[in-house]
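> Below: sequence and its predicted model.
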Amino acid sequence: MVVPRVASEGGMTDTHELKPSLTKALGSKSVCITLQDVSYYVKDSRKGENKGKPLYLLKGVSTLFEPGRMSALVRA
């Protein structure tokens, strides 16, 4: 599982926390937001006691965010 996070003045914010406010403000209108330099904490999806714990961090990722959908583009 990938947990995208965005830097803000108050610290780090999960982008999934932004979705409800975006969709409420925009209603059913379509929107696409590109986030630059996002850090992805990739979590362990294997069975066992480490499931859900961070495995590694991807930095410098661009993200296309649409209500109900998200995709990441890793920059080389």
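The structure has been received and is ready for your questions. This structure is a prediction, so every number in the text was calculated from the model and none was measured. Residues are numbered from 1 along each chain as shown.

> where does this protein dip in pLDDT?
1-36, 62-76 (pLDDT under 70).

> could you redo the last one with a cut-off of 50?
Within the chain, the segments meeting pLDDT under 50 span 1-2, 6-18, 76.

> Let me see the contact set for Leu55.
Counting by Cβ atoms under 8 Å, 6 or more residues apart in numbering, Leu55 touches 42-44. Backbone N, C-alpha and C define where each C-beta goes, glycine included.

> Which of those residues sits closest to Lys59?
Nearest to Lys59 out of the contacts of Leu55 is Val42 (Cβ to Cβ; 11.5 Å).

> and the contacts of Leu55 as a markdown table, adding neighbour count?
Shown next, in a markdown table, are the contacts of Leu55 (neighbours: other Cβ atoms under 10 Å):
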| residue | neighbour count |
| --- | --- |
| Val42 | 13 |
| Lys43 | 16 |
| Asp44 | 15 |
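
> What about those, which are in strands?
Counting by DSSP state E, these place 42-43 in strands.

> Just give me the neighbour total for Val38.
20 (other Cβ atoms under 10 Å).

> Enumerate the beta-bridge partners assigned to it.
Val61 (DSSP bridges).
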